[in-house]
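Chemist: model this:
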Amino acid sequence: MQDFLTPRLINPLFPGRTGRRAMITASACGMAGLSLGKIVGEQPTSFNGKARSTILFFLCGGSSHIDMWDMKPNAPSEYRGEFQPIRTSAADLTLCEHLPMLAQQGHHLAVIHGLTDSGLATGDHHAGYYYNLTGHAPDTTFRSQGNDRRPLSGDWPHMGCVVGSRRPPHEKLPQVITLPYKPSKPPYTRPGQFAGRLGLDHDPFFLQGTFNEPLRFTAPSLTLEAGLTATRLDDRRGLLDAINASRHELDRESAVGNYIRQQEKAFSLLSSNATAGAFDIHQEPRAILDRYGPTVNGTSLLMARRLVEAGVPFVTVFWSEEDEVVSKKCASGGGWDTHANNFNCLRENLLPEFDRCFSALIEDLHDRGMLDSTLLMVSSEMGRKPKVGDPRSGGTTGAGRDHWTSCMSVVLAGGGIVGGQTLGRTDPRAEYPADVPILPADVVKTVYHAMGVHDLEAIDQLGRPYNLLDEGRPLTELFG
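Modeler: From the prediction side, this is the model:
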């Protein structure tokens, strides 16, 4: 297999296209993230959980729990909507009629109902991301700044970054990988998807996929500069000099050192033939590619399977919101944010794609004997308002569902989870929990439990110990 760094390749991170001579250097995108981290935390502990890896599939925009997982066929029509529940391969589990392929995998699924923010979130996307990705309630800055609130260096870390910091380092690959994009556009990138106070050493390695080229993934934190010769690829000092030339734009020398370590890791990754196969999605048989589907969300889940097969501990796939058709139809920024036309957006666009690719992932992992050792999680930043009719998009006639943080559902599979069950109940209209509320911290603690992460003590820059997540308890009743 050809080396990644020969003059044959330009911008693709993975094999498949040719180009002119180039050099990998630090990009402005990467430099912009320098302020996000502080170097803190403890050394990784040994693995003692059943799940060796986790794949988190995050349905960006706020997926409708009442239309997918927690259907209420006996509720008034303005709540239950247009869809009907169907039986699954698990006797006690029903799903939306527009998830027929996933229904065949019902015996692998555990659905958590009644996950709530208990009034601690703000109803905005930023706060929803932060709460559900970190397990920590948003602070007051989320209320004062809303969706303008930027990621901060003192933010609590994404659960994947905590897992990566606690697991033994992978010999060749990053500990934590996120694809196919960083949700929301800079500078207002969604908080909660970074390592925050753990430091840039524990930040995810980001892979970029596109709506138009779903088989092509690149690294947005790296760019290729044609003005530098290929012979300098072997000159590590040349690489570091290129980075150091940008130091005048930086505030802190410690951040520069941290950034250099990140780029060194990326350089080693891209230079290694030993890791190339894990990233080459073109190696997959046509039948597998077809099963996942020809979309960036489908190929991202397939890439996630390849990464955990290669031993990456944590992979996050954020549902791509690039589809302009869905954005216009749903009167939103895209994805699962169905402010208008909720039922047509779900029936014609979102649910068929999700049904195909997520059921394919479960089936693929099971067929390879990997499901028991891989925890799957489907989450979102919020649910949708059970009463149909968002005032911002025409009310009842707009047939949309507004944001709803008081109640949502999360789906787990594999990694020691007993399938075919539900946990928690909601009221007859899926508006509020009917049982003891389940908080995002409980779900994050459940992921840590499955991954064998029990020591959450860390050390701050002043040498003071603190706990990465005091709140919550693992939902151990989900495990066998």
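Chemist: quick check: Gly192 touching Leu133?
Modeler: Yes. Assessed by Cβ atoms under 8 Å, Gly192 is found in contact with Leu133 at 3.8 Å. C-beta here means a position set from N, CA and C on the backbone, and glycine is covered the same way.
Chemist: so what sits against both of the two?
Modeler: The contact sets of Gly192 and Leu133 overlap at His158 (Cβ atoms under 8 Å, 6 or more residues apart in numbering).
Chemist: count of residues packed around Gly420?
Modeler: 16 (other Cβ atoms under 10 Å).
Chemist: ranges for the strands of the stretch 101-250 of the chain?
Modeler: Here the stretch 101-250 of the chain has its strands, by DSSP state E, counting those that start in this stretch, at 109-115, 176-179, 205-206, 208-209, 217-218, 222-225.
Chemist: grab the CA positions of the first one and hand them over as PDB.
Modeler: Looking back up the chat, that one is strand 109-115. C-alpha atoms of strand 109-115 as PDB (Å, rounded to 0.1, in the frame of the first residue of the first chain):
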ATOM      1  CA  LEU A 109     -31.700  -2.600  22.100                       C
ATOM      2  CA  ALA A 110     -32.200  -1.100  25.600                       C
ATOM      3  CA  VAL A 111     -34.200   2.100  25.400                       C
ATOM      4  CA  ILE A 112     -34.100   4.600  28.300                       C
ATOM      5  CA  HIS A 113     -37.200   6.700  28.600                       C
ATOM      6  CA  GLY A 114     -37.700   9.900  30.600                       C
ATOM      7  CA  LEU A 115     -34.200  11.300  30.400                       C
END
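Chemist: report all helices and strands that it contacts.
Modeler: In terms of contacts (3 or more Cβ pairs under 8 Å, 6 or more residues apart in numbering; DSSP states H and E), strand 109-115 is packed against strand 408-413, strand 421-423, helix 440-450.
Chemist: reformat the ones you listed as a markdown table; add distance to Cys60.
Modeler: Converted to a markdown table, the helices and strands packed on strand 109-115 look like this (distance: least, Cβ to Cβ, whole Å):
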| stretch | distance to Cys60 |
| --- | --- |
| strand 408-413 | 14 |
| strand 421-423 | 24 |
| helix 440-450 | 16 |
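Chemist: which residues touch the closest residue to Thr141 other than its chain neighbours?
Modeler: Take Thr141 and drop its neighbours on the chain: the residue closest to it by Cβ to Cβ, 6 or more residues apart in numbering is Arg149, 5.5 Å away. Contact analysis of Arg149 by Cβ under 8 Å, 6+ apart lists His126, Ala127, Thr141, Phe142, Tyr188, Pro191.
Chemist: let's see that with 10 Å instead.
Modeler: 122, 124, 126-127, 130, 138-139, 141-143, 155, 188, 190-191 (Cβ atoms under 10 Å, 6 or more residues apart in numbering).
Chemist: need the per-residue pLDDT for Thr25.
Modeler: We have a pLDDT of 32 for Thr25.
Chemist: and for Val326?
Modeler: Reported pLDDT for Val326: 92.
Chemist: once you drop chain neighbours, what's closest to it?
Modeler: Asn349 is the one closest to Val326 (Cβ to Cβ, 6+ apart), at 5.1 Å.
Chemist: then Thr397?
Modeler: Gly389 (7.9 Å).
Chemist: where does the one you found fall, phi/psi-wise?
Modeler: Here is the backbone geometry of Gly389 (degrees, to the nearest 10): phi 120, psi 90.
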